[in-house]
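K.L.:
Okay, predicted coordinates and the sequence, questions at the end:
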Amino acid sequence: MELTRLKGFQDLLGTQAQTLAYVEARARLLMERYGVSEIKIPMLERIELYQRSTGETSEIVSKQMYTFSDRDEAGTTLALRPEGTPGVVRAYIEAGMDRSDPEQRFFYAGPMFRRERPQKGRYRQFNQFGVEVFGRADPACDAELLVMIDDLRRDLGLEFQFELNSLGHAGCRPAFRAAVLEYGRRHWDELCRDCHERLERNPLRLLDCKIDVRLAEQAPRSLDYLCAECRAHFDTVLDLIGAAGVRFVVNPRIVRGLDYYMRTTFEITSTNLGAQNAVVAGGRYDGLVEVLGGAPVPGIGFAIGMERMALALEAARTPRAALPRIALIALGEAAVRKATQIARELRAMPLQVEMLSSERSLKAQLKRADRIGANYAVIVGPDELARSAAQLRDLGASSQREVSLDRLAAELSAARAQ
RNA sequence: GUGAGUGUAGCUCAGUUGGCAGAGCACCGGAUUGUGGCUCCGGUGGUCGAGGGUUCAAAUCCCUUCACUCACCCCA
């Protein structure tokens, strides 16, 4: 086969697609309870949107975006969205909400694109479910989002590790950054090659190096550089979520790769996912709305990695109860005609009904019924048709009896109740 | 971008020292006129990832290349 799927892109079949849809359905239900409304935004934006928000120093923008020229005279450079937040902020400003009605909560769901080397839990097209809150600077808002994530976790029956940190705000963050930079330069000779690179590009990432663990642990901590206000904000967030029953740890090494994060940042991981174990991540981004040309409105948000969530769920889940599955077997043209009507009637019950190919023998059709995991087979042939009846076969029990057609739906419903 | 591992039937994989390409599962048919699973019998199905080299002879040895997987990196 020559026309295969692209590297890092996937076809999701059957249960894989189902699990993903299930996670999204549960998340949507939660949004309703939290009063968060949906926002649908484009998958394509000007490249500058990401350069200015996500940041040129992030690897996402500098190396991983799918970009191309539009067919207009100006040759505008477009980018497939690598994440959702910039687009949501742009839409929020464009709708004038930053001035008219700044306090807003949105959720979005859809595919993101990053051209990375694929591995377990990491794909070039992947789905995120994200929440963004604007116009709220108070710690109760941070806490509410974390509780929201914990609600989803509990609803799905999973165990996660919540790790939180605070990076400080525009006033105190620079001092911390300078301290890390200074620390890195002082220990230059002991740093790994990747860390040399990091120091140039994004010094804070020194802290989550997995090679120089000892050095990273002894590096300056953002928590020690917080101003009184940031300190109080963080303490209140921790107090609130603790009181609400969220289990968490403070991890001073959580720094996010995106430029716009400040104050509260968090990463939520699941074991049994391999190396790519972050299922949810996010943080506060006061200042981002202003950077993109809006009013000075605070913001905070997170994104769920849907494929990773589905992976975690598949490792732990018990299958959900499905509709009883009926294989409808018709023998002969007249029976097919009748069966077409019966199928419609049974599906309305509701029952899951699949009509098998009447071109094949009864034996082959029953074999097929077994293969697809049907609970019952309903057989209609010329003999049954003459009596206005059908054979109702219980494939699990291997028992069979004749049922008149006008009683069939009721009989199957009764069997379902058992 | 870097590293490692794996590529043989639709799937999971054997294949010895270089000597006729195999098994299990799945699929199709039969044993059983209109009755599945279990059993038995038969059948369909192969560019041994691709290209080149060595050899009387290559799935096997050598070179090149591609794909997939995992990890680094990055991050959801």
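P.N.:
Here it is on my side, so go on.

K.L.:
A:M349 should be in a helix, yeah?
P.N.:
No: assigned with DSSP: H, G, I helix; E, B strand; the rest coil, A:M349 falls outside any helix and is coil.

K.L.:
was I right about it contacting A:A409?
P.N.:
Yes: using C-beta atoms under 8 Å, A:M349 is in contact with A:A409, at 5.7 Å. (Each C-beta comes from the backbone N, C-alpha and C, glycine too.)

K.L.:
RNA strand B contacts on the stretch 51-200 of chain A?
P.N.:
Counting by C-beta under 7 Å from any atom of the strand, the stretch 51-200 of chain A comes close to RNA strand B at A:58-60, A:64, A:83, A:114, A:116-123, A:126, A:128, A:194, A:197-198.

K.L.:
So A:L29: helix, strand or coil?
P.N.:
Quick answer, by three-state DSSP: A:L29 is helix.

K.L.:
ok, it - how many residues close by?
P.N.:
11 (other C-beta atoms under 10 Å).

K.L.:
give me every residue that touches the residue nearest in space to the middle of chain A.
P.N.:
By C-alpha atoms, centre = their mean, chain A has its centre lying nearest to A:M306, at 2.3 Å. Taking C-beta atoms under 8 Å, 6 or more residues apart in numbering, we find A:M306 in contact with A:20, A:23-24, A:109, A:126-129.

K.L.:
any idea which element the residue lying closest to it once chain neighbours are set aside lies in?
P.N.:
Distances taken as C-beta to C-beta, 6 or more residues apart in numbering place A:N127 nearest to A:M306, at 3.9 Å, with adjacent residues excluded. Applying DSSP states H and E as the criterion places A:N127 in strand A:125-134.

K.L.:
avg pLDDT for that strand?
P.N.:
Averaged over strand A:125-134, pLDDT sits at 97.

K.L.:
following it, which helix or strand shows up next?
P.N.:
helix A:139-156.

K.L.:
how close does A:V131 get to RNA strand B?
P.N.:
Applying C-beta to the nearest atom of the strand, to the nearest Å, the value for A:V131 to RNA strand B is 12 Å.

K.L.:
Next: A:R52.
P.N.:
16 Å.

K.L.:
A:P296 versus that residue, what's the distance?
P.N.:
Distance of A:R52 to A:P296, given as C-beta to C-beta, to the nearest Å: 16 Å.

K.L.:
The two - which one has more neighbours?
P.N.:
Set side by side, A:R52 and A:P296 show more neighbours around A:R52, with 18 against 10, by other C-beta under 10 Å.

K.L.:
so that one, which of the three states?
P.N.:
Reduced to three states by three-state DSSP, A:R52 is helix.

K.L.:
quick one: secondary structure of A:Q365?
P.N.:
Criterion first, three-state DSSP; result for A:Q365: helix.

K.L.:
list the contacts for it?
P.N.:
By C-beta under 8 Å, 6+ apart, the contact list for A:Q365 reads A:327, A:329, A:356-358, A:377.

K.L.:
With adjacent residues omitted, what lies nearest to the residue in the stretch 251-400 of chain A that RNA strand B sits nearest to?
P.N.:
Closest to RNA strand B within the stretch 251-400 of chain A is A:G257: 1.8 Å, counting by C-beta to the nearest atom of the strand. Distance criterion C-beta to C-beta, 6+ apart; nearest residue to A:G257, sequence neighbours excluded, is A:S58 at 5.3 Å.

K.L.:
How about A:Q16?
P.N.:
A:A310 (7.2 Å).

K.L.:
Quick check, the residue nearest to A:M306 in contact with A:G84.
P.N.:
No: here A:N127 lies out of contact with A:G84, judged by C-beta under 8 Å, at a distance of 10.3 Å.

K.L.:
give the contact list for A:G55.
P.N.:
With contact taken as C-beta under 8 Å, 6+ apart, A:G55 is in contact with A:61, A:258-260.

K.L.:
Let me have those in a markdown table, extended by pLDDT, secondary structure and neighbour count.
P.N.:
Below are the contacts of A:G55 laid out as a markdown table (pLDDT from 0 to 100; DSSP: H, G, I helix; E, B strand; the rest coil; neighbours: other C-beta atoms under 10 Å):
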| residue | pLDDT | secondary structure | neighbour count |
| --- | --- | --- | --- |
| A:V61 | 83 | helix | 23 |
| A:L258 | 78 | coil | 23 |
| A:D259 | 77 | coil | 18 |
| A:Y260 | 83 | coil | 23 |
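
K.L.:
Just give me the closest of these to A:A179.
P.N.:
Comparing these against A:A179 with C-beta to C-beta places A:D259 closest, at 18.5 Å.

K.L.:
State the pLDDT value of the residue nearest to that closest one when sequence neighbours are not counted.
P.N.:
Closest residue to A:D259 apart from its sequence neighbours, by C-beta to C-beta, 6+ apart: A:G55 at 2.9 Å. With respect to pLDDT, A:G55 scores 84.

K.L.:
The one 10 residues further on now?
P.N.:
pLDDT, A:M65: 93.

K.L.:
ditto for the one 5 residues further on
P.N.:
The score at A:D70 is 90. That number is its pLDDT.

K.L.:
how about the nearest residue to it, chain neighbours excluded?
P.N.:
Nearest to A:D70 is A:T76, by C-beta to C-beta, 6+ apart, at 4.4 Å.

K.L.:
thinking again about what came up before, how close does the residue nearest to the centre of chain A get to A:M112?
P.N.:
Distance of A:M306 to A:M112, given as C-beta to C-beta: 10 Å.

K.L.:
and for those two, which residues touch both?
P.N.:
Among the neighbours of A:M306, those also in contact with A:M112 (C-beta under 8 Å, 6+ apart) are A:126-128.

K.L.:
circling back: burial of the residue nearest to A:M306, as a residue count?
P.N.:
Residues near A:N127, counting by other C-beta under 10 Å, number 21.
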